[in-house]
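Peer 1: take this sequence and fold it.
(2 chains)
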There are 2 protein chains.
Amino acid sequence: MKRIAIISTLVILFITTKSLAQTNSIKVLNINELNNAIKNCKAGDQIIMANGVWKDVEIKFYGKGTKENPITLTAETIGKVTIEGISNLKIGGSNLIVNGLYFKNGYTPSKNVIQFKIDNKIADNCTVTQCVIEGFTQPDRDVSDHWVEFWGRHNELSHCYLTGKSNFGPTIMVRLEGNENIYNYHHITNNHFGPRPRKGGPHGETIQLGDSGTSMTPSYTLVSNNFFERCNGEIEVISNKSNFNEYRNNVFFESEGSLVLRHGNYCTIDGNVFIGNDNSTNIGGIRVINTGHWITNNYFYKIKGKEFRSALAVMNGIPKSPLNRYNQVTDVVVAYNSFIDCKSPWQFSVGSNVSQSDVLPATEIRSARPERVVVANNLIYNEVADVNPIVNYDKVDGVTFKNNIINNENKSEVKPEGLITKAVTVSKKSKALFVSNENISDVYSGFYFETITKDLFGNARTPNSNNVGAIVNPVKENAVLIDKTKFGTHWFNPNNVVKPKTINVSTSEALITALKEANAHDVISLKKGTYKLNSSVVINKAVSIVSASKNRKPELIFSSENTAFEMHPNGNLTLENIVLTGNKTQNTFTTLDKYMSKAYDLFINNVEIKNFKSVLEVSKGSFADTVSVANSSIKNCERGFMLNKETNDGGDYNAEFVIIKNTTFDNIQEVVLDYYRGGYDESTIGGNLILKNNTFTNSGKAEKDSILIKNRGIVNVEFSKNTFKNNPVKLIAILWGEKGQEPGENTIVNSGKIEVVQNLELKLMY
Amino acid sequence: MKRIAIISTLVILFITTKSLAQTNSIKVLNINELNNAIKNCKAGDQIIMANGVWKDVEIKFYGKGTKENPITLTAETIGKVTIEGISNLKIGGSNLIVNGLYFKNGYTPSKNVIQFKIDNKIADNCTVTQCVIEGFTQPDRDVSDHWVEFWGRHNELSHCYLTGKSNFGPTIMVRLEGNENIYNYHHITNNHFGPRPRKGGPHGETIQLGDSGTSMTPSYTLVSNNFFERCNGEIEVISNKSNFNEYRNNVFFESEGSLVLRHGNYCTIDGNVFIGNDNSTNIGGIRVINTGHWITNNYFYKIKGKEFRSALAVMNGIPKSPLNRYNQVTDVVVAYNSFIDCKSPWQFSVGSNVSQSDVLPATEIRSARPERVVVANNLIYNEVADVNPIVNYDKVDGVTFKNNIINNENKSEVKPEGLITKAVTVSKKSKALFVSNENISDVYSGFYFETITKDLFGNARTPNSNNVGAIVNPVKENAVLIDKTKFGTHWFNPNNVVKPKTINVSTSEALITALKEANAHDVISLKKGTYKLNSSVVINKAVSIVSASKNRKPELIFSSENTAFEMHPNGNLTLENIVLTGNKTQNTFTTLDKYMSKAYDLFINNVEIKNFKSVLEVSKGSFADTVSVANSSIKNCERGFMLNKETNDGGDYNAEFVIIKNTTFDNIQEVVLDYYRGGYDESTIGGNLILKNNTFTNSGKAEKDSILIKNRGIVNVEFSKNTFKNNPVKLIAILWGEKGQEPGENTIVNSGKIEVVQNLELKLMY
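Peer 2: I've put the predicted structure just below:
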């Protein structure tokens, strides 16, 4: 906004005081008129797209504006011009502005929704602002694209809102191949990155700057004042892969990943806020690889992640690493950061895997410890003492700790003199914002530290007024960590949600109608009785089907072909207190064969499932965020949950969370659960399985591999307090020792055994 | 000089106009006084070292000068203060100047002669100027050191003369470990790098900037206006291993190597002159690896090297290369260079070795071709047509050629439209300087080409006045390629040579005396007759022993122990028209066991050698530049030339050139020649063997491997027109097919065979 205001002022000044530039406003009603207007546009022109739906349009906005007289492409009324269908926008030329377009209900026919390049015509000094891209995602999740792809130099994406990308590919990509695209000084500022759903495997970054092949290039992109809200696509919210980029004053809010310095060097990470919460260990902070980064004035609140996802993860490198793997960490400075109520926030030599030399080639062994790293003037504060603030996966001999303060005793294996226990007290200034009550102004002054002149809020650090941690007292009145006025558009409200309602139903017909007409999050309440359904029920939104009375379960009897429930993209089905009965010819739940563009969910509680083929069958491109089964009974089926179709071995998988608790499985002929993830790459940690308090009986007898539960390659597994009785298999399951998997107390009677394999051999992805 | 002048002016200005800075001149007579003076020095002080020899001194020059008032350490009379013995100089602090010291007759006890760091005290804004380091080389060639090692920032080596480093280690090294040492903006300017002898293997660079471990750092060192005169240490005269360095206006004169962009990116190579000569194919130009370099306005004259040593060698990279190997070449610009009378000056995909996949691991295979490379506006001119200006070792599909001009037809396999045949004529302006008679001003204007605003001589390139090639007409009067006034000190004359004389000798005693008293390059002329020598003759300088009369050979009869001639460092022995006779208890030539600090040479012409153990035995650390045998006869010895002791397999070897022509070997019991080089590394090409027109008879009968001539790992071998008769061996020799080795026409009678092995398996060095 500020930039636009300045430009406008300049334009006015220019017109009134300097020249009579011939500028026009041209209103266009359709793509032909738009093309024509673009063809003829001159510096200073404003092309106005008429309100309405622009469907299936590929816009190539080319022009040569000037700094003083840019060419603008704008909506007649901001928010009322929607780009829908199979559409995209390419920008080429100089000093162009795109303002207020709304992309929804569609996807791009090319590799990008917005691209700062038209064929060989690269954009420079062009801006996209006040635009929204909402759920403009490929029908097929496996098809890769970017929503905004930067080329050229000095381009800007500002005050935009982007949310809901669920297919392969980073949301924003900065490309650096070719000298025209380096030293780019792009600005990605003041945007709101709304929720990006879990993707299940790699390639779900929100921002990626370069790739390993261009990781030696000087980029100088500025990513500042953005709001990353639950950007859960993958383990890297931001993947830095080029040099000299700056990350300033962004807020990472409950985003399941980290700001990762994956490739490239000499980045500045200053004044960012990382907010976790008490429960999720998937929310990370900053992960450090490579050389020369400065990490200063950042504020970490309740980050509970560990290893790759810890608040500060400093990795081990591979000696003489291949270009696309892990360089050693050297010459990194971590100073003046605050870690408030984080769990073991400092983790060093993350990724050390010397113990896996048997299953990995030498070029995958991360044995090069961080060197010449300075950690100074940081504050660790815990309301409840965390006696292990430091976790080390190797020796910590290349890190110098100076004048860091912690408010409890450090009982970690690593006890540097430079981590000092001191009875610091803090005050809560606003939501999640805790500030020490007194400045500790006697700080360590390392090489070049004099350049750290400001704190998180921009207040001066001076010899007379300084403090350890991210914040110097006094803090201004009403200081907040998340200032929503800075982020996103001025016109779009991402929180427009219709209040859900309950629909009471007592017949099959009424049930079918209710499912069709329900709004997202509505609840369909079934009276007791039986409901006969001879065709599949489509689930393409969030909907609950529950019993009107807890104690009397209505029964849904299916004679449909193929499946009882057909899960579509966005399908989010909750079932409670009901009985599902098949006739052995159909599955209970089946996804579409293709175009599973978005994730689906299943929440099953207190449900009886019987007489089906498979309980769940999925397609390769499908992805369940959560499959949750609790307090239920599943019996007389051929197979259980079959999440095993993503077999590219590229780190992807078919479901993020599979949680099965307090449930009985009886007489399942083959495998009860097949949940697969292939490909070696520790940076795309995923697959989460909880299997607890269940009982399995008389199952697996027709299973050809003689394994009851398959969970190959799934990284996080909890497997305890289950009972296995009279299952004629050799193996109940194989657990992965290196990932800390071990069977808890399980009761096994006449049912094979649980095997633990320390190092799993997986196909190398790189 | 200019800088000092400016500083002096500033000092004067400062004193006269601004303050009465208390500055002192302190004359010191010895190291204690010097230490004391240093301890107490203040900004503006001048410490004057008294004339004379300063022996075994380790000077630590620490102080805090200011820009306006530096602290100077200077010679009482420039050139009259010599630092000798086991001595070195360390510099730490700010704004220090070292002026006019002369290092000779000694070596450093540490890793550096001059180091810009004292322990942890790093130098910034310090200058070493008007100094000479002459032959200050380690006694043991295997001991590694640097003569000048840069640390810190903004340091300078200017107007110095350095010559004669013969041990391991680059002459100048810029170190970049640690943030204190990056963005260093060091200046290495106006120096004269005198001859550096061939080292035989790697680690003989004249300048190295960083190493692979710091190759991602921004260095910004300027190397300009230096004269590299016969810097023959190894294949890399300059080894760039960091980023953003600039090489401007240097002259590379008959230096057997190249300016190599080994690691690191975004370097500028502008306005340099590369002068070869007609004979040597060891003299190269610029070798390109990595990304983003700009190579402009350079002038190549009679560069005849090929592959790694071609005028412009653009390499293939290793896909996803390990940090210390070969990255792909991308985004490189080669524009406005002149190639005058060079042979096949443009060589692409140099180092392509896909064919060696059998003997090399995948991480050594250079299959990644150059991409996004622009070659434009260059001039290739040949007095005698060179129809193969381009050599390609792989497809050339990633290079764009634009508006390059050549004066003959291009019959290379690669025939780009952008290499245009045109009848250009040139005029000779001065030695080696040829300029086209008319400007070809219609040039290609690529991305960012507008920044190339000057030519080789600093004349403007404008749209109205431009030219392909390095030079725009009109050229100023008296333009020269080598302006010696720019280089080196103002006081030291590197060309002070005493004229050689002839000493006539007719007795053994007189011969021994003459050898002792001779000056370098003197000739000892023997009358006919016999000379009995019962002790070894030491050769520690250049000396010739010749017959006074061609037709009557004097005979030297040895009864000395161990050896007839003992070769010392710098020993350079020419023998002509004489007979050497042993008594089977000694070798003919033997090097010292250790401290062979410098190379030795043997030139044998028309000599009869008989009745010795070995003809030549050497020690591991020894190195012969040339062993040349011609028109001679060698018989009744146990072994021939044994250049096989350097077996570290690190790419090193015991002799650079072994040339044996028109010579007969008869009754040599074991091997006739054993010449060895181990270790795989194509960048340290070496070992040169010519074996031509010789006759071998009755030899090899006691050779345990049953090979007559061993040349394992030697890269360049010519093997032709020899006669082998009645040598009872299985193999005469094994040649290395991949290096183009093949036997010429040899006559073989009853003597085993010559085998050619295509790919030799060598130990990997990295």
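Peer 1: show me what from chain A comes close to chain B.
Peer 2: Listed as neighbours of chain B in chain A under the rule Cβ under 8 Å from any Cβ of the partner chain: A:177-180, A:182, A:212-213, A:216-218, A:243, A:265-266, A:290-292, A:320-325, A:327-328, A:330-331, A:333, A:363, A:372, A:447-448, A:766. To be clear about C-beta, it is placed using only N, CA and C from the backbone, and glycine gets the same treatment.
Peer 1: check the gap between the residue nearest the centre of chain A and chain B for me.
Peer 2: In chain A, the centroid-proximal residue (Cα atoms, centre = their mean) is residue A:232; its distance is 2.1 Å. Per Cβ to the nearest Cβ, to the nearest Å, residue A:232 is found 29 Å from chain B.
Peer 1: coming back round to it: among the residues of chain A next to chain B, name the ones in strands.
Peer 2: residue A:333 (DSSP state E).
Peer 1: looking at the residue nearest to residue A:482 when sequence neighbours are not counted now. What's its pLDDT?
Peer 2: Nearest residue to residue A:482 in three dimensions, chain neighbours excluded: residue A:251, at 5.3 Å (Cβ to Cβ, 6 or more residues apart in numbering or on different chains). pLDDT for residue A:251: 98.
Peer 1: which residues touch residue A:251?
Peer 2: Residues in contact with residue A:251 (Cβ atoms under 8 Å, 6 or more residues apart in numbering or on different chains) are A:226-228, A:272-273, A:275, A:481-482, A:487.
Peer 1: now these in a markdown table, with pLDDT, secondary structure and neighbour count?
Peer 2: Converted to a markdown table, the contacts of residue A:251 look like this (pLDDT from 0 to 100; DSSP: H, G, I helix; E, B strand; the rest coil; neighbours: other Cβ atoms under 10 Å in any protein chain shown):
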| residue | pLDDT | secondary structure | neighbour count |
| --- | --- | --- | --- |
| A:226 | 98 | coil | 30 |
| A:227 | 98 | strand | 23 |
| A:228 | 98 | strand | 29 |
| A:272 | 98 | coil | 29 |
| A:273 | 98 | strand | 23 |
| A:275 | 98 | strand | 22 |
| A:481 | 96 | coil | 19 |
| A:482 | 96 | coil | 16 |
| A:487 | 96 | coil | 22 |
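Peer 1: from these, which is closest to chain B?
Peer 2: In terms of Cβ to the nearest Cβ, no member of the contacts of residue A:251 lies closer to chain B than residue A:272, at 21.3 Å.
Peer 1: correct me, but that closest one touches residue A:299?
Peer 2: Yes: Residue A:272 is within contact range of residue A:299, at 7.5 Å (criterion: Cβ atoms under 8 Å).
Peer 1: which non-adjacent residue is nearest the residue in the stretch 501-650 of chain A positioned nearest to chain B?
Peer 2: Residue nearest to chain B within the stretch 501-650 of chain A (Cβ to the nearest Cβ): residue A:650, separated by 16.5 Å. Excluding the flanking residues, the one nearest residue A:650 by Cβ to Cβ, 6+ apart is residue A:679, at 5.1 Å.
Peer 1: can you check residue A:727 too?
Peer 2: Excluding its sequence neighbours, the residue lying closest to residue A:727 (Cβ to Cβ, 6+ apart) is residue A:751, at 4.1 Å.
Peer 1: what confidence value was assigned to the one you found?
Peer 2: 95.
Peer 1: ok, it touching residue A:731?
Peer 2: No: using Cβ under 8 Å, residue A:751 makes no contact with residue A:731, being 9.6 Å away.
Peer 1: what mean pLDDT does stretch A:714-723 get?
Peer 2: Mean pLDDT, computed over stretch A:714-723, is 95.
Peer 1: show me how far that stretch is from its chain's centre.
Peer 2: Centroid separation for stretch A:714-723 versus its chain: 25 Å, with Cα atoms, centre = their mean, to the nearest Å.
Peer 1: ends of it, how far apart?
Peer 2: Distance across stretch A:714-723, first residue to last, is 22 Å (Cα to Cα, to the nearest Å).
Peer 1: quick one: buried residues of it?
Peer 2: Buried positions in stretch A:714-723, judged by neighbour count with 16 or more other Cβ atoms under 10 Å in any protein chain shown: A:714-717, A:719, A:721-722.
Peer 1: kindly report the same for stretch A:623-641.
Peer 2: Buried residues in stretch A:623-641, counted by 16+ other Cβ under 10 Å: A:623-630, A:632, A:634-637, A:639-641.
Peer 1: for residue A:663, what are its contacts?
Peer 2: Applying Cβ under 8 Å, 6+ apart, the residues near residue A:663 are A:629-634, A:694-695.
Peer 1: I misspoke; the intended subject was residue A:449.
Peer 2: With Cβ under 8 Å, 6+ apart, residue A:449 has these contacts: A:333, A:335, A:376.
Peer 1: how long is stretch A:694-713 end to end?
Peer 2: Rule used - Cα to Cα; the end-to-end distance of stretch A:694-713 is 22 Å.
Peer 1: and residue A:33, what element?
Peer 2: Using DSSP states H and E, the element containing residue A:33 is helix A:31-40.
Peer 1: and the gap between residue A:120 and residue A:325?
Peer 2: For residue A:120, the distance to residue A:325 (Cβ to Cβ, to the nearest Å) stands at 33 Å.
Peer 1: more neighbours: those two, which one.
Peer 2: The residue with more neighbours, out of residue A:120 and residue A:325, is residue A:325; 18 against 7, by other Cβ atoms under 10 Å in any protein chain shown.
Peer 1: Provide the secondary structure category for the closest residue to residue A:672 other than its chain neighbours.
Peer 2: Spatial nearest neighbour of residue A:672, excluding adjacent residues (Cβ to Cβ, 6+ apart): residue A:640 at 4.0 Å. Following DSSP: H, G, I helix; E, B strand; the rest coil, we place residue A:640 in the strand state.
Peer 1: ok, now which ones touch residue A:640?
Peer 2: Residue A:640 makes contact with A:614-616, A:634, A:665, A:668, A:671-674 under the criterion Cβ under 8 Å, 6+ apart.
Peer 1: of those, just the buried ones, ChimeraX syntax please.
Peer 2: Entered in ChimeraX, the line below selects the buried ones among the contacts of residue A:640, by 16+ other Cβ under 10 Å:
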select /A:614,615,616,634,665,668,671,672,673,674
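Peer 1: what's around the residue nearest to residue A:727, how many residues?
Peer 2: The burial count for residue A:751: 24, using other Cβ under 10 Å.
Peer 1: give the contact list for it.
Peer 2: Counted by Cβ under 8 Å, 6+ apart, residue A:751 has contacts A:696, A:708, A:724-729, A:732.
Peer 1: can you tell me which of the buried residues of stretch A:623-641 are in helices?
Peer 2: Members of these lying in helices (criterion: DSSP state H): none.
Peer 1: in TSV, list the contacts of residue A:751 along with secondary structure.
Peer 2: As requested, the contacts of residue A:751 are exported to TSV (three-state DSSP):
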residue	secondary structure
A:696	strand
A:708	coil
A:724	strand
A:725	strand
A:726	coil
A:727	coil
A:728	coil
A:729	coil
A:732	strand
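Peer 1: out of those residues, who's the most crowded?
Peer 2: Among the contacts of residue A:751, residue A:696 has the most neighbours (other Cβ under 10 Å), with 29 neighbours.
Peer 1: next one: that one, what pLDDT does it get?
Peer 2: 98.
Peer 1: what distance do you get for it to residue A:616?
Peer 2: 17 Å.
Peer 1: just to revisit the earlier point, from the buried residues of stretch A:714-723, which is closest to residue B:66?
Peer 2: residue A:715 (59.2 Å; Cβ to Cβ).
Peer 1: residue A:686 is in contact with that closest one, correct?
Peer 2: Yes: between residue A:715 and residue A:686 a contact is recorded at 6.0 Å, counting by Cβ under 8 Å.
Peer 1: shared neighbours, the two?
Peer 2: With Cβ under 8 Å, 6+ apart as the test, residue A:715 and residue A:686 both reach residue A:677.
Peer 1: tell me who's in contact with residue A:441.
Peer 2: Residue A:441 touches A:463-467, counting by Cβ under 8 Å, 6+ apart.
Peer 1: no further questions, thank you.
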